[in-house]
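Peer 1: Could you look at this predicted model? Sequence included:
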Amino acid sequence: MSSNEKAPRHPVACMSEAEEAVNTLRVALKRSGITLPSLRIDPASYARDVPCPLVELGRCNVDTVRLIAAALPRGLDEAP
């Protein structure tokens, strides 16, 4: 293994990290008044021999999209 490659992670640890990331995002969105009801780990991620978690952000209405866009910081080259 080269110095640039990461050591393979145990699938349980990998899935736990993914669940933690989803929970962190859920809390951050809630602080901004945003709820994504279908935010979760894609169940198919658990079915693989070596899980590689994918996060489902889900479908949301236009008002929620606007809330998310407003909560994100503006780009460095974008005028206020």
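Peer 2: That came through fine. Numbering: from 1, shown residues only.
Peer 1: residues in contact with the closest residue in space to Val55 that isn't next to it in sequence?
Peer 2: Nearest residue to Val55 in three dimensions, chain neighbours excluded: Val22, at 5.8 Å (C-beta to C-beta, 6 or more residues apart in numbering). For glycine as for every other residue, the C-beta is placed from the backbone atoms N, C-alpha and C. Counting by C-beta atoms under 8 Å, 6 or more residues apart in numbering, Val22 makes contact with 39-41, 55.
Peer 1: now these in JSON lines, with secondary structure and pLDDT?
Peer 2: Below are the contacts of Val22 laid out as JSON lines (DSSP: H, G, I helix; E, B strand; the rest coil; pLDDT from 0 to 100):
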{"residue": "Leu39", "secondary structure": "coil", "pLDDT": "94"}
{"residue": "Arg40", "secondary structure": "strand", "pLDDT": "93"}
{"residue": "Ile41", "secondary structure": "strand", "pLDDT": "91"}
{"residue": "Val55", "secondary structure": "strand", "pLDDT": "91"}
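Peer 1: I'd like those residues written out as a markdown table, with neighbour count added.
Peer 2: Conversion of these to a markdown table gives the following (neighbours: other C-beta atoms under 10 Å):
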| residue | neighbour count |
| --- | --- |
| Leu39 | 17 |
| Arg40 | 16 |
| Ile41 | 17 |
| Val55 | 15 |
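Peer 1: That's all I had, so thanks and see you.
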